[in-house]
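all I have is the shape, not the residue letters:
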């Protein structure tokens, strides 16, 4: 083994209860290289990361096969501690930070510089006093390296997500013997500016000789910063290639293993003039960060209405307000009947169903099974899946019909899982979203409000989720209100697109309208007045 | 200001109740002060022993009952050998510490297996240990252990008496330094011990171990990824708490002078926990100050409620009922608030995820 690689993963395989999720993966990272690892959800990226970082979940399920070499030495990684000592730094998809601690305390967690004292001389290192001064100074240095100006003693609680991401990176680069930095979907939660800052910081770090292993869904991003790209699909390594020798489309194709067809634009001029189904007047929603300030819009029966706009201008607030999840005021008329606001139950009863942008928080019960997640909401609001026990006024779950329905949904939406009883937490993001869609279908909605349906899910699943929504609209005549940050997505799906600016509807545009018009609207220079 | 009152709603409420009770009961202030000071001196240590498990995320440690048992074992032995005064007290403490360490380690192991249900498990541990304690001291003493001592044993020579008079080490610590201020006797030595413990706990949280305890208390997952041995840290917290409770029980009983062999330890669990909660502590947050103030308010209520009941209803027993109701009620409420808060914090955590991409651009 020569020393020209900082990290070598050799022939790594992993099984979870008989399901093989990684099959003989090889991957090498040079010092100073940014190596991108891409793949669909469920392709095995996260498992590979868990192996690299010695997460307990790997060793509790029987370990893995293959070898990992760091700086030319074979590394036996059996715990996060081993991994750390071997020089692997990890920025997790879900932040590994303690909200009650300050930035410095988080950066130095379990690596605190200490001073010995009278007690520690007797009873050992654990009772050494923390050297707060040095903790602060070290943290400052790490923060400066990534050009963060935040105070190192600020508590983490209440800090914006973007900052937290940088704190995680500061923690990793503060480790003296860091040779590889692994980032799992680091930009998934960042705004565009934050993301581009992050990318430039990563470039700088790589220049200083650290190997960077970068996992992302956002191909554009990967394409922008990576030196080498490795594609993973269904646990197998499809290809490793220098970026210069490849094209964006090729990578995307390799990821999904099938040709991507452009979704194209919706058939324009589709007859949707069956009158209005939803009338929203003067809607104000108090959703932090997404305030709505007197929005007026009507939704026509049978159409797909898109709501777009930049982040923070209230597009998420509309759906959350209508569904009674955040305090709101105004009037909402559905099918000629006024629906009281601030009451989730009444919205549901009116046939409004919401696919939340916050799948894991609002949309799903993560520890429950797929079948129960699909059936529960419909059970509560529509009394489906219940059966009477003889003459008694008691209903019990109809397990059989729940199972049958779940099986149907799993095959219909191609949910990748071990069976209807698997808990939703273990599914990948795309499959979780499919469970949400299944749940919404089960509710038999009149109007489906879909919020960021493709956030955080991969190319292949994206396409399937979108076409499913379209199918619901065309075949079952369900009116859809789709909220998305991705304009292209809206343009390919919707009959009309409303653009939000500062909490109000700034204009309603045709999906075929020129880019410039959308741009104007998003900047608040109103196009066509809303109807 | 309003915010501060809201944050300290519980202690403020209790303060009001105490003042009201004082006025109603019309008790002699000097009597109340004397009684209060001696109660504080004997209770503070026990209440403080609860703080470490709370910060380590183990919640309210109902298993301090185990520590109290260890302390009582030490006292029983010391009394059996008729060790007088401070010597007896120190013997009791020295004997109880290894027992408490063993009990703490076992309790810690059990609680590591019962994550998320620490409090109910620790409560059950207390009951289970009580069974063993009874077996040993009601049956095995005099049969398996050939002990003869009619002073502390039942007349038939098997098992201990229900009440044991600790006549050799009664007030051993209280009277170490005699002091009288305005005619009120102040047990200075136990108070000094409490001050030392407070400083010790403060100091602990400036050390590496303290930092680990706090990290584990906030998020076990994050702590373990950072390489902290979570299980071990939690066991350490339990051991410290149990040992402190053992010492606390010795201090408590030397002031009482008699020991309810089979009851004393059972009572201290709920009393200490209620005291801590009255001070405004929660299941996940407790400070030295809350322990000190909570004990003060709770004990004050203890002193005045019988007299207040007598005045108000013509029955001292009413005050007693009220006291019991408050004690258990506050624990129940704290547990309720805890689960409620956990539910809302989960919701707000998910809201944060939702808000992730929303920063930056203008929200007016």
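Arrived safely, thanks for sending. Please read these numbers as outputs of a predicted model, since none were measured by experiment.

close to chain A, is stretch B:287-297?
No - applying C-beta under 8 Å from any C-beta of the partner chain, one finds stretch B:287-297 separated from chain A by no less than 13.3 Å. Just so you know, the C-beta spots here come from the backbone N, C-alpha and C atoms, and that holds for glycine as well.

can you tell me what sits against that stretch?
Residues from elsewhere that reach stretch B:287-297, judged by C-beta atoms under 8 Å, 6 or more residues apart in numbering or on different chains: B:11, B:14-15, B:18, B:36, B:40, B:43-44, B:47-48, B:50-51, B:198, B:201-202, B:275-281.

which ones are touching residue A:424?
Contacts of residue A:424 by C-beta under 8 Å, 6+ apart are A:364, A:365, A:366, A:367, A:368, A:369, A:370, A:373, A:432, A:435.

from those, pick the one nearest residue A:196.
residue A:432 (27.9 Å; C-beta to C-beta).

circling back: format the contacts of residue A:424 as CSV; extra columns: secondary structure.
As requested, the contacts of residue A:424 are exported to CSV (DSSP: H, G, I helix; E, B strand; the rest coil):
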residue, secondary structure
A:364, coil
A:365, coil
A:366, coil
A:367, coil
A:368, coil
A:369, strand
A:370, helix
A:373, helix
A:432, helix
A:435, helix
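
ok, and the most crowded of those?
The most crowded member of these, judged by other C-beta atoms under 10 Å in any protein chain shown, is residue A:370 (29 neighbours).

what sits opposite residue A:304 in the beta ladder?
Beta-bridge pairing for residue A:304 (DSSP bridges): residue A:480.

quick one: it and residue A:472 touch, right?
No - shown here, residue A:304 and residue A:472 do not form a contact pair, counting by C-beta atoms under 8 Å, at 9.7 Å.

in the stretch 201-350 of chain B, mark out all the strands, start to finish.
Secondary structure of the stretch 201-350 of chain B by DSSP state E, counting those that start in this stretch: the strands cover B:258-260.

in the stretch 301-450 of chain A, which residue sits closest to chain B?
Using C-beta to the nearest C-beta, the single residue of the stretch 301-450 of chain A nearest to chain B is residue A:361, 2.2 Å away.

and what about that residue, helix, strand or coil?
Once three-state DSSP is applied, residue A:361 turns out helix.

how close does it sit to residue A:391?
From residue A:361 over to residue A:391 the distance is 41 Å, taken as C-beta to C-beta, to the nearest Å.

related to what we said a few turns ago, out of the contacts of stretch B:287-297, which are inside helices?
Those of the contacts of stretch B:287-297 mapping onto helices are B:11, B:14-15, B:18, B:36, B:40, B:43-44, B:47-48, B:51, B:198, B:201-202, B:275-278, per DSSP state H.

tell me which of residue A:361 and residue A:391 has more neighbours.
When residue A:361 and residue A:391 are compared on other C-beta under 10 Å, the one with more neighbours turns out to be residue A:361, at 18 against 6.

list phi and psi for residue 174.
Chain wasn't specified; assuming chain A. phi -70, psi -20 (degrees, to the nearest 10).

wait, I meant chain B there
The phi/psi pair for residue B:174 (degrees, to the nearest 10) reads phi -60, psi -40.

leaving out sequence neighbours, find the closest residue to it.
residue B:187 (4.0 Å; C-beta to C-beta, 6 or more residues apart in numbering or on different chains).

check residue A:508 too.
Once flanking residues are discounted, residue A:508 sits nearest to residue A:498: 4.7 Å by C-beta to C-beta, 6+ apart.

before we move on, what about residue B:65?
residue B:126 (3.6 Å).

lowest confidence element among the helices and strands of chain A?
helix A:248-256 (a mean of 72; mean pLDDT, DSSP states H and E).

next SSE after that one?
strand A:276-285 (DSSP states H and E).

tell me which other helices or strands that next one touches.
When contacts are defined as 3 or more C-beta pairs under 8 Å, 6 or more residues apart in numbering or on different chains; DSSP states H and E, strand A:276-285 sits against strand A:292-300, helix A:315-322, strand A:328-334, strand A:479-483.

average pLDDT for the last one?
Taken as a whole, strand A:479-483 carries a mean pLDDT of 91.

relative to strand A:276-285, how tilted is that strand?
30 degrees (axes from the mean of the first three to the mean of the last three C-alpha atoms, to 10 degrees).

residues contacting strand A:479-483, please?
Outside strand A:479-483, the residues touching it (C-beta under 8 Å, 6+ apart) are A:277-278, A:299-308, A:315-316, A:318-319, A:357, A:446-453, A:469, A:472-473, A:490, A:493-494.

got the buried residues for the helix or strand that comes right after it?
Downstream of strand A:479-483, the first helix or strand assigned by DSSP H and E is helix A:487-493. Using 16 or more other C-beta atoms under 10 Å in any protein chain shown as the test for burial, helix A:487-493 gives A:487, A:489, A:490, A:491, A:492, A:493.

look at the closest residue in space to residue A:338 that isn't next to it in sequence and say how many residues are nearby.
Closest residue to residue A:338 apart from its sequence neighbours, by C-beta to C-beta, 6+ apart: residue A:331 at 6.2 Å. Burial of residue A:331 is recorded as 14 neighbouring residues (other C-beta under 10 Å).

what confidence value was assigned to residue A:331?
89.

contact partners for it?
Taking C-beta under 8 Å, 6+ apart, we find residue A:331 in contact with A:279, A:280, A:281, A:282, A:283, A:338.

related to what we said a few turns ago, next SSE after the one helix or strand the residue nearest to residue A:508 maps to?
According to DSSP H and E, residue A:498 maps onto strand A:496-501. Where DSSP H and E defines the elements, the next helix or strand beyond strand A:496-501 is strand A:504-509.

quick one: distance of that following strand to the chain centre.
Relative to its chain's centre, strand A:504-509 lies at 27 Å (C-alpha atoms, centre = their mean, to the nearest Å).

which bits of the stretch 101-250 of chain B sit near chain A?
Applying C-beta under 8 Å from any C-beta, one finds that the stretch 101-250 of chain B approaches chain A through B:203, B:206-209, B:211-212, B:214-215, B:218-219, B:221-228.

residue ranges with poor pLDDT in chain B?
Scanning chain B for pLDDT under 70 picks out B:1-2, B:342, B:344-364.

which parts of it are helices?
B:2-7, B:9-25, B:29-48, B:51-55, B:64-80, B:85-113, B:118-134, B:188-204, B:208-218, B:220-225, B:230-256, B:264-278, B:288-313, B:316-355.

got the ones you listed as JSON lines, with mean neighbour count columns?
Converted to JSON lines, those look like this (neighbours: other C-beta atoms under 10 Å in any protein chain shown):
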{"stretch": "helix B:2-7", "mean neighbour count": "8"}
{"stretch": "helix B:9-25", "mean neighbour count": "17"}
{"stretch": "helix B:29-48", "mean neighbour count": "20"}
{"stretch": "helix B:51-55", "mean neighbour count": "25"}
{"stretch": "helix B:64-80", "mean neighbour count": "27"}
{"stretch": "helix B:85-113", "mean neighbour count": "20"}
{"stretch": "helix B:118-134", "mean neighbour count": "18"}
{"stretch": "helix B:188-204", "mean neighbour count": "17"}
{"stretch": "helix B:208-218", "mean neighbour count": "23"}
{"stretch": "helix B:220-225", "mean neighbour count": "21"}
{"stretch": "helix B:230-256", "mean neighbour count": "25"}
{"stretch": "helix B:264-278", "mean neighbour count": "24"}
{"stretch": "helix B:288-313", "mean neighbour count": "22"}
{"stretch": "helix B:316-355", "mean neighbour count": "15"}
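
I'm done for today, thanks for sticking with me.
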